[in-house]
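Peer 1: Have a look at this fold, sequence not included:
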DNA sequence: GCGACGCGTTCGAAAGATTCGAACGCGACC
DNA sequence: GGTCGCGTTCGAATCTTTCGAACGCGTCGC
């Protein structure tokens, strides 16, 4: 561990609280004893943290278990609303979903990850595991690869170094050089494809949302089952519609920039 | 301060972190110096907290300011998804919005408050200040009053004692006895009205969602401008539709209960 | 009706992390 | 070239967290 030796160590108390919250997110309704088993902190310590977090409405106690408080929803929605392209992006996502009938996602880049901001489902009954708020690696998403393609080399390399290229399916690109090639193709086209790279049998097109300086800050993807979303529909029709939506967003961003 | 003397004091370090986050929610993009002014903590202390929170993706640094991280969205959506009636409730809210064309809210009771979980807008262009995630006092909402009406006397009294009856408009009920009478009427009817009690010119009907034991755990409200939403439409038509939706939810809750 | 179990709660002492204030670095602006 | 704004670093003092053990209370089983 290199963090341990750093002179400006993090605030470990806060980190303990965070770890408790993370654990409760993963295991909703956990009890004090369960948390003690899982967390390598003294029972009484965890208890004090729980009391504090409860006092601050960050967690609630129900039916003999602890749960994340809905106050997180306030913080979360608040964070989302401040994403500069959220409002415009959402409108375009709704429009795309209606137009295509497919599942359309709006995502934001934050740190090394893509965060799912908003989804519109069209009328596809497709039930994926994706949920608003989730973070995903950039390399395993259509919109994510589109974002990677427009990052400067330095940041791209840093992200790959830190996060690696985790394999999700047989089609996931896990080789840095192969990814570099792919990103070049994406830059040529202006958009990215995802053919079963995150979920087997799920195809998608993605394009980046970029700020005034051209830095990618988010993206949109249109996805559907591989047996229907393929061929010209996937290669031409969807990208056309997608790019039109992205253009709209970019225009709006230019005008509304402070 | 009576908290200070309590033997089991809260974890003050965590509370400092929370206060920093609250401050950043209120004042997005704040700088270290701004936070120092506002928070009565040493600059270097706040700095260490910021680093820690940043390390944990709870906040991000952008354009020379600190912002809440999108990780909160993950926590928040996660918390919302665990509300037992959320899925069913959302479907019914969508249906009601489509049926009536009005603005429909799904709320949950958490602690002393109502939390806005989900909204469907129908086609009303009405732009209220309400947002998903926000907390409101129970006494100033239609759904909130409906919830209060079915709480046991003990909890009702405790909430009023702790929170009081804050006035929002001239029509807000701020007298405990008047509220008691109103709640009795609500119990007779099975639903509650809100006639400009939270926002001048905004009327609403609300009904409670109750668990197996009859304890209210949430609610639904249908609201619209007073000049249109009034008379028989408000008094009969909307309540009928609302109660039908609530019934649906209750039936679903019975079946899906563990 | 008695004992054991699960769960949350409380306590005091020991140790360890947080807090503080001051000083440093860096860039931008004038 | 000086100053302002902002983030960063440091070491010492102290205040708080942490720990483990014990307590209270309800519930289940016998």
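Peer 2: All right, it came through fine. Values in this document were obtained by computation on a predicted structure and should not be read as measured data. Numbering: from 1, shown residues only, chains lettered A, B, ... in the order given.

Peer 1: How are the strands of the stretch 1-150 of chain A distributed by residue range?
Peer 2: Assigned by DSSP state E, counting those that start in this stretch, the stretch 1-150 of chain A shows strands spanning A:59-62, A:65-68, A:103-110, A:113-120, A:135-137.

Peer 1: a markdown table for these, including mean pLDDT and distance to DNA strand D?
Peer 2: Where you see a C-beta, it was placed from the backbone N, CA and C, and this is true even at glycine. A markdown table is the format used below for those (pLDDT from 0 to 100; distance: least, Cβ to the nearest atom of the strand, whole Å):
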| stretch | mean pLDDT | distance to DNA strand D |
| --- | --- | --- |
| strand A:59-62 | 94 | 14 |
| strand A:65-68 | 96 | 15 |
| strand A:103-110 | 97 | 17 |
| strand A:113-120 | 97 | 20 |
| strand A:135-137 | 97 | 23 |
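
Peer 1: Return the most buried member of the ones you listed.
Peer 2: Of all those, strand A:103-110 has the most neighbours on average by mean count of other Cβ atoms under 10 Å in any protein chain shown, namely a mean of 27.

Peer 1: Now the residue in the stretch 151-258 of chain A positioned nearest to DNA strand C: which helix or strand?
Peer 2: Closest to DNA strand C within the stretch 151-258 of chain A is residue A:213: 13.9 Å, counting by Cβ to the nearest atom of the strand. Following DSSP states H and E, one finds residue A:213 outside all helices and strands.

Peer 1: do the one 5 residues further on as well
Peer 2: Per DSSP H and E, residue A:218 falls inside strand A:216-225.

Peer 1: re the thing from before, how much space is there between the residue of the stretch 151-258 of chain A closest to DNA strand C and residue A:155?
Peer 2: Look at residue A:213 and residue A:155: by Cβ to Cβ, to the nearest Å, they are 13 Å apart.

Peer 1: Could you check which of these two is surrounded by more residues?
Peer 2: Between residue A:213 and residue A:155, counted using other Cβ atoms under 10 Å in any protein chain shown, the more crowded position is residue A:155 (13 against 6).

Peer 1: Looking at the more buried one now. What's its pLDDT?
Peer 2: Residue A:155 carries a pLDDT value of 91.

Peer 1: which residues does it contact?
Peer 2: Contacts for residue A:155 were tallied using Cβ atoms under 8 Å, 6 or more residues apart in numbering or on different chains; there are none.

Peer 1: Am I right that it falls within a helix?
Peer 2: Yes - under DSSP: H, G, I helix; E, B strand; the rest coil, residue A:155 sits within a helix.

Peer 1: quick one: pLDDT of the residue in the stretch 101-250 of chain A positioned nearest to DNA strand D?
Peer 2: Here the stretch 101-250 of chain A gets closest to DNA strand D at one residue, residue A:111, 14.8 Å apart by Cβ to the nearest atom of the strand. Looking at residue A:111, its pLDDT reads 94.

Peer 1: how many other residues sit next to the spatially closest residue to it that is not a sequence neighbour?
Peer 2: Once flanking residues are discounted, residue A:111 sits nearest to residue B:57: 6.2 Å by Cβ to Cβ, 6 or more residues apart in numbering or on different chains. Residues contacting residue B:57 under the criterion other Cβ under 10 Å number 19.

Peer 1: what's near enough to touch residue B:57?
Peer 2: Applying Cβ under 8 Å, 6+ apart, the residues near residue B:57 are A:110, A:111, B:69, B:70, B:71.

Peer 1: any idea how far whichever residue of chain A sits closest to DNA strand C lies from DNA strand D?
Peer 2: DNA strand C sits closest to residue A:32 of chain A, with a gap of 2.7 Å, by Cβ to the nearest atom of the strand. Remark: distance between residue A:32 and DNA strand D (Cβ to the nearest atom of the strand, to the nearest Å) = 10 Å.

Peer 1: pLDDT score assigned to the residue of chain A positioned farthest from its centre?
Peer 2: Outermost residue of chain A with respect to the C-alpha centroid, by Cα atoms, centre = their mean, is residue A:44; its distance is 35.4 Å. On pLDDT, residue A:44 comes in at 93.
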